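**Student:** no sequence on hand, only this structure:
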């Protein structure tokens with residue numbers, strides 16, 4: 001009997017690298033960039049860098065994505081293996097189904113709302 005499962009990811013942050021576009025054959029392209037998300041807890045700030053990959057028609061709309069842009073990425077988490085210089089390597093990435101650009105806005109700290117229950 002199969003059990004229910006889901007593979008869904010949503011991250012929002014700043015583009016930290018210029019997008020790279022690769023031809024993957026049959027007229028298809030892949031666009032890749034890194035996205036930095038930050039979170040604060042007490043007096044510490046934690047930064048996570050996410051590898052984002054986009055395939056298909058969505059590549060065209062992201063060609064002018066620039067470093068520092070604020071974007072939200074909706075997609076799935078994927079692991080893949082590749083070979084470099086005879087060595088097998090694994091990477092984890094978010095394969096985007098949607099990428100939205102945002103204007104920078106002033107944020108409200110969670111502390112302003114009291115204790116978070118988790």
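**Tutor:** That came through, no problem. Just so it is clear, the model here is predicted, and its values are computed rather than measured.
**Student:** which strands and helices sit next to the one helix or strand residue 94 maps to?
**Tutor:** Element membership for residue 94, per DSSP states H and E: strand 87-102. The elements that strand 87-102 packs onto, with contact taken as 3 or more C-beta pairs under 8 Å, 6 or more residues apart in numbering; DSSP states H and E, are strand 9-15, strand 44-55, helix 58-61, strand 70-84. Heads up, the C-betas are built off the backbone N, CA and C, glycines and all.
**Student:** pick the most buried one from those.
**Tutor:** Of the helices and strands packed on strand 87-102, the one with the most neighbours on average (mean count of other C-beta atoms under 10 Å) is strand 9-15, at a mean of 16.
**Student:** now the residue most central in space within the chain: how far from residue 71?
**Tutor:** In the chain, the C-alpha closest to the average C-alpha coordinate belongs to residue 52, at a distance of 4.1 Å (C-alpha atoms, centre = their mean). Counting by C-beta to C-beta, to the nearest Å, the gap from residue 52 to residue 71 is 9 Å.
**Student:** how about residue 78?
**Tutor:** 19 Å.
**Student:** again with residue 28
**Tutor:** 22 Å.
**Student:** so residue 15 makes contact with residue 64?
**Tutor:** No. With contacts counted by C-beta atoms under 8 Å, residue 15 stays clear of residue 64, the gap being 11.3 Å.
**Student:** so, low pLDDT: which residues of this protein?
**Tutor:** Filtered on pLDDT under 70, the chain yields the residue ranges 1, 103-118.
**Student:** confirm residue 18 sits in a helix?
**Tutor:** No. The assignment for residue 18 by DSSP: H, G, I helix; E, B strand; the rest coil gives coil, which leaves it out of any helix.
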